[in-house]
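Model the following, please.
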Amino acid sequence: MHLVSPAASVFLSVFMLILSTVEALKVIGGNVTVVQGGTAIFPCHLIDAPEVLNQISWQRKTRQKPQNNNFYTILKTGPKFVNGNDGRFKFIGDFDANNGTLQLSGVTLVEEGNYTCIFTLFPSGIHKTEIPLNVLVPPTTILKDDHPILGNKEVSLVTCTAAGSKPPAEIRWQTGDLTGKVRETINSTLNDNGTTTTISSLLGVPTKELNRQLVKCVVTSAAMMIEETLSFTIQVYFSPMEVTILETSEGSFKCETEANPSAKFNWSRIGLQLPQSAVSEGAVLRFKEITSDLNGLYQCEASNQHGNKHQKLQIYVVSGNCTVCWVLFSLLIILIVSAVAAVYLYTSGRFPRRVEREMVPTNEIGGAT
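Model prediction:
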């Protein structure tokens, strides 16, 4: 029969008491998820701890600092930084209440990792919990016009990019009346910092039917509170089509065409400079005076960066006397009336001008003198 000494009995009793106390202790933490730029709260509570709390310590192992290291210590007298200050951290717990909760503002992706909250008690020693920090990164969205040129082969019309997202963003298109006439492609690239760039293009045959049609790129991500919709009007680019010249009023002509982007117009007279009485204002050519000096072949050229097209206009001003034909009648009164009328019209210059325009176009403008 073995007898236990009084000293051994006391030690055993103390050991069993400490063991039961340790088994009852709990350090409560949790997982933390925050959007980059936001504020993270690291909850840390020690419960069922009748022992004396000596200090609370914090360690971290992050993307930026892959080696686990101490960075913050909280004593009864207050908190202090270890290995350099970072004013974004703030102790928001209560030492006396065994609350070691920590706050980090302005969170960045490189701070993602594991944070460890450690309570040091007497006599049981260290008790801790690990708190993972997950950082979400909203994407940077870009909508790019792929400048499709009018043609009959399928090309990319517009590209929507959701760059640098964590987790990966999703992209979908709203095409309205173009459903079945366009299709979408999508691909993703994992970046070195753990974010993902997702790119989706809308493909179709660049016809005039697609030009100026509205489509929408819709981007969703767990890092975004609401989905983002980017509207885009498809632009199919082409050089000037057939050019026409219209006479808007006497002595004023306008050049018209269809082009994307809009055409610029230039009026010229072939072989000669524009006459002084001619005013060229964009698509409009206007003559301030109608004289034979205007005679000649004019050209309107429409152009943009994709090409040019032109049309010609022949101007011919007719000038001369109108011959009054005398007809002998038996009645003298008719002869007198006819003579007076002819003289009056001749001296007053009220013979009507004759304007003829032929789109060679050829314009013939006549005037009495």
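
C-alpha only now, for contacts and for neighbours.
Noted.

Quick one: find the helix or strand in this protein with the lowest mean pLDDT.
Across the helices and strands of the chain, mean confidence by mean pLDDT, DSSP states H and E is lowest for strand 355-358: a mean of 35.

CA atoms only: put the biggest strand by length in the chain into PDB for me.
Assignment by DSSP state E gives strand 307-320 as the longest strand of the chain. Only the C-alpha atoms of strand 307-320 are listed here, as PDB (Å, rounded to 0.1, in the frame of the first residue of the first chain):
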ATOM      1  CA  GLY A 307     -12.600  57.600 -96.700                       C
ATOM      2  CA  ASN A 308     -14.100  60.200 -98.900                       C
ATOM      3  CA  LYS A 309     -16.600  60.700-101.800                       C
ATOM      4  CA  HIS A 310     -17.500  63.600-103.900                       C
ATOM      5  CA  GLN A 311     -20.200  65.000-106.300                       C
ATOM      6  CA  LYS A 312     -19.900  67.700-109.000                       C
ATOM      7  CA  LEU A 313     -22.100  70.600-109.800                       C
ATOM      8  CA  GLN A 314     -22.100  72.600-113.100                       C
ATOM      9  CA  ILE A 315     -23.100  76.200-112.800                       C
ATOM     10  CA  TYR A 316     -24.000  78.200-115.900                       C
ATOM     11  CA  VAL A 317     -25.400  81.700-115.700                       C
ATOM     12  CA  VAL A 318     -27.300  82.700-118.900                       C
ATOM     13  CA  SER A 319     -27.100  86.500-119.700                       C
ATOM     14  CA  GLY A 320     -28.700  88.300-122.800                       C
END
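
Direction included, what does it pair against?
strand 296-304 (antiparallel), strand 362-368 (parallel) (DSSP bridges).

Same question for that strand: list its buried residues.
N308, K309, H310, Q311, K312, L313, Q314, I315, Y316, V317, V318 (16 or more other CA atoms under 10 Å).

Average pLDDT for that strand, rounded please.
For strand 307-320, mean pLDDT is 87.

Run the chain-centre distance for that strand.
45 Å (CA atoms, centre = their mean, to the nearest Å).

Next, the angle strand 307-320 makes with the helix or strand encompassing C255.
Here C255, judged by DSSP states H and E, is contained in strand 252-256. Orientation of strand 252-256 against strand 307-320 (axes from the mean of the first three to the mean of the last three CA atoms, to 10 degrees) gives an angle of 160 degrees.

any idea how far strand 252-256 is from the chain center?
Put simply, strand 252-256 sits 37 Å off its chain's centre (CA atoms, centre = their mean).

what about the spatially most central residue of the chain, which helix or strand?
Closest residue to the average C-alpha location of the chain: L143 at 4.4 Å, with CA atoms, centre = their mean. L143 belongs to strand 140-145 when assigned by DSSP H and E.

buried set for that strand?
In terms of neighbour count (16+ other CA under 10 Å), strand 140-145 has its buried residues at T141, L143.

just stretch 120-130 next, same as before
So, applying 16+ other CA under 10 Å, buried residues of stretch 120-130: T120, L121, H127, K128, T129, E130.

Kindly export it (C-alpha atoms) in PDB.
Provided in PDB are the C-alpha atoms of stretch 120-130 (Å, rounded to 0.1, in the frame of the first residue of the first chain):
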ATOM      1  CA  THR A 120      -1.900  35.400 -21.100                       C
ATOM      2  CA  LEU A 121      -3.300  34.300 -17.700                       C
ATOM      3  CA  PHE A 122      -1.800  33.300 -14.400                       C
ATOM      4  CA  PRO A 123      -1.300  30.500 -13.600                       C
ATOM      5  CA  SER A 124      -2.700  28.600 -16.600                       C
ATOM      6  CA  GLY A 125      -0.700  30.500 -19.300                       C
ATOM      7  CA  ILE A 126      -1.600  31.200 -22.900                       C
ATOM      8  CA  HIS A 127      -5.100  30.900 -24.500                       C
ATOM      9  CA  LYS A 128      -5.700  32.000 -28.100                       C
ATOM     10  CA  THR A 129      -7.900  32.000 -31.100                       C
ATOM     11  CA  GLU A 130      -7.200  32.600 -34.800                       C
END
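
Could I get the contacting residues of the closest residue in space to T207 that isn't next to it in sequence?
Computed as CA to CA, 6 or more residues apart in numbering, the closest residue to T207 that is not its neighbour in sequence is L150, at 5.7 Å. L150 sits next to P206, T207, K208, V236, Y237, F238 when contact means CA atoms under 8 Å, 6 or more residues apart in numbering.

tell me which of these is nearest to E111?
V236 (45.8 Å; CA to CA).

which ones are touching that closest one?
H147, P148, I149, L150, P206, T207, K208, L210, N211, R212, N260.

Looking at those residues, state which has the most neighbours.
Highest neighbour count within these, by other CA atoms under 10 Å: P206, with 25 neighbours.

where's the residue nearest to N260 when sequence neighbours are not counted relative to N304, distance?
Using CA to CA, 6+ apart and skipping residues adjacent in sequence, the residue nearest N260 is Y237, 4.9 Å away. To N304, Y237 is 10 Å away according to CA to CA, to the nearest Å.

Give the intersection of the neighbour lists for those two.
With CA under 8 Å, 6+ apart as the test, Y237 and N304 both reach A259, N260, P261.

Could you single out the nearest of those residues to N85?
Closest to N85 out of these is P261 (57.4 Å), distances taken as CA to CA.

Show me the strands in the stretch 51-200 of the chain, by range?
52-62, 69-75, 78-81, 89-91, 102-104, 113-122, 125-136, 140-145, 155-165, 170-174, 182-190, 196-204 (DSSP state E, counting those that start in this stretch).
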